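Peer 1: sequence and predicted structure are below.
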Amino acid sequence: MTPQSPFTVLAAVAAGREGALRALLDEMNLAHKAGTADPANAVLPFGRFNKLHYARFALLDDSTLADFDLFGLPRPQVPPLYLVFLGVCDGPADAQLAEFAHFAGRGLARIFSHCEGFNTATDLLTWMKSHNLRVDTNYVNRIGRTVRQVWEESALQKALSARVPRGTAHAAPTDPQAVRQALLDFVKDEQSAGRLPLTEPEPTPPGWDLRNAIHLIVVPLMLLPLVLVLPVALVILRQQEKTDPEHCPRPEPAAVLGMQQLEDHDLTNSFTALGAVKPGWFRRALVPVILLLIDYAARHVFGKGHLARIQTIHFARWVFLDDRQRVLFASDYDGSHESYMDDFVNKAAWGLNLVFSNGFGWPRTDWLVCGGARHEQRFKHYQRRHQLPTQVWYRAYPGLTLGDLERNRRIRAGVDTERMNDAQALAWLRLL
């Protein structure tokens, strides 16, 4: 099993370089799909990297910091503009960064030359590693599913679907075992000819299972002492909830239109958002604990096809910026933006509140998890105002939803299963 790893390379954009950087990032996109990377672009040919699931470049320009002025509060002191390069890969993130530097170093150097602290004498790989931020919460839809697996299982599904007798999906064949055996013989022949590879999973990296087990045990032990301060924390929380500023105005139509022009070019979309943590020591102490809990759940409870009740998120992460004054959230999800937000409201509003109610201006909550995102329109206004455009977005398997990936996984599992009864064989054929 090959675990997946995130990388989040962040740097401040140098003064006066924003325009040239935007123009360079635009060069990386397909002409007819705004914000969608050309896999073979000359700057960073994403398609060359066969362990890369998703990647993006985004300019983090946070206009919502002006909200602090409305309430007479000092703004967080942060750089005016960041560039973030983030993605998800199979195996260690450092290995992926090294591969980027080796095969696309010239293009990446062109991009990062617009950032503070990077010049022609800078060692690219060292610089990227030093700017690669720790991801505080990382979610993977199905831990261990590699890019190669996705590609091979998709090819298997297409090959078998083209050969399965039509009507099998709706009417039981006379002999499902015979139909299945004919398909399995076809797969064996195609594999022998090298036309349909089905690679066996690689061994789990040494120590990964042990580290995972230690994490499973140690994190609860670390958090156990916090039970002693829980009553005091709840009192402080409730006092602040009654007085925290709420600011959820309707977003500017032009800004919403700009976002919509970047969306729905494929069955999957990207989401990038940035927001300031509510001022004061309490929230800055609370948010790391909450993100640790969510990361724990993502690692040990979810990661098998769902996040709570939501089954449309491929990958997601929360990352602290600026000494925990702000939080970056990024995700890759199936469906439209509106359906994505509806999923959260209807299935995991409490989870949204758990994290984002610590964000400045969030709709008012009660006891951290109630209210908040349940105020649907206020929540939708808030998230649109904090959403940022993704200038360049790459995905390794366009046109495939998580539903497709799960179906293809089950098809592959059926090929690897030696024996099935008639009912099982028929169920497998109906996947095709």
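Peer 2: Arrived safely. Bear in mind that the values here come from a model prediction, so they are computed numbers and not experimental data.

Peer 1: now the strands for the stretch 101-250 of the chain?
Peer 2: Assigned by DSSP state E, counting those that start in this stretch, the strands in the stretch 101-250 of the chain fall at 137-140.

Peer 1: again with the stretch 301-432 of the chain
Peer 2: Secondary structure of the stretch 301-432 of the chain (DSSP E, counting those that start in this stretch): strands at 313-321, 326-334, 365-366, 370-371, 392-395.

Peer 1: may I see those strands arranged in TSV, with mean neighbour count, mean pLDDT and distance to Asn421 as well?
Peer 2: Quick note: C-beta positions are derived from backbone N, CA and C, even for glycine. Converted to TSV, the strands of the stretch 301-432 of the chain look like this (neighbours: other Cβ atoms under 10 Å; pLDDT from 0 to 100; distance: least, Cβ to Cβ, whole Å):
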stretch	mean neighbour count	mean pLDDT	distance to Asn421
strand 313-321	22	97	34
strand 326-334	23	97	33
strand 365-366	20	94	52
strand 370-371	18	93	49
strand 392-395	26	98	38
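
Peer 1: nearest approach to Leu293 belongs to which of those strands?
Peer 2: Among those, the nearest to Leu293 by Cβ to Cβ is strand 313-321 (11.5 Å).

Peer 1: so that closest one versus strand 326-334, what angle?
Peer 2: 170 degrees (axes from the mean of the first three to the mean of the last three Cα atoms, to 10 degrees).

Peer 1: mind listing the helices for the stretch 201-350 of the chain?
Peer 2: Listed in chain order, the helices of the stretch 201-350 of the chain (DSSP state H, counting those that start in this stretch) span 208-223, 230-243, 253-260, 281-300, 337-347, 349-356.

Peer 1: run through the chain and note the low-pLDDT ranges.
Peer 2: 166-173 (pLDDT under 70).

Peer 1: let's see that with 80 instead.
Peer 2: For the chain, the stretches with pLDDT under 80 are 165-174, 303.

Peer 1: what's the first-to-last distance across stretch 104-122?
Peer 2: In stretch 104-122, first residue to last residue: 15 Å (Cα to Cα, to the nearest Å).

Peer 1: how much space between the residue lying farthest from the centre of the chain and Asp422?
Peer 2: The centre of the chain is farthest from one residue, Thr174, which by Cα atoms, centre = their mean lies 44.5 Å away. Separation of Thr174 from Asp422 (Cβ to Cβ, to the nearest Å) stands at 11 Å.

Peer 1: nearest to Val369, of the helices of the stretch 201-350 of the chain?
Peer 2: Using Cβ to Cβ, those put helix 349-356 closest to Val369, at 4.1 Å.

Peer 1: direction-wise, compare that closest one with helix 337-347 and give the angle.
Peer 2: 100 degrees.

Peer 1: mind starting the numbering at 10 from now?
Peer 2: Fine by me, first position is 10 from now on; the one you just mentioned is helix 358-365.

Peer 1: please name every helix or strand in contact with helix 358-365.
Peer 2: In this structure, helix 358-365 makes packing contacts with helix 290-309, helix 346-356, strand 379-380, judged by 3 or more Cβ pairs under 8 Å, 6 or more residues apart in numbering; DSSP states H and E.

Peer 1: using CSV, write out every CA atom in it.
Peer 2: Only the C-alpha atoms of helix 358-365 are listed here, as CSV (Å, rounded to 0.1, in the frame of the first residue of the first chain):
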residue,chain,number,x,y,z
ALA,A,358,-22.9,21.5,9.1
TRP,A,359,-21.7,20.6,12.6
GLY,A,360,-18.3,19.7,11.2
LEU,A,361,-18.0,23.0,9.3
ASN,A,362,-18.9,24.9,12.5
LEU,A,363,-16.3,23.0,14.4
VAL,A,364,-13.5,24.5,12.3
PHE,A,365,-14.8,27.5,10.5
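
Peer 1: show me what contacts Gln166?
Peer 2: When contacts are counted by Cβ atoms under 8 Å, 6 or more residues apart in numbering, Gln166 touches Asp413, Arg416, Asn417, Ile420, Leu441.

Peer 1: again, but for Tyr148
Peer 2: Here Tyr148 is in contact with Ala307, Phe311, Gly312, Leu316, Ile322, Phe324, Ala325, Arg326, Ser340 (Cβ under 8 Å, 6+ apart).
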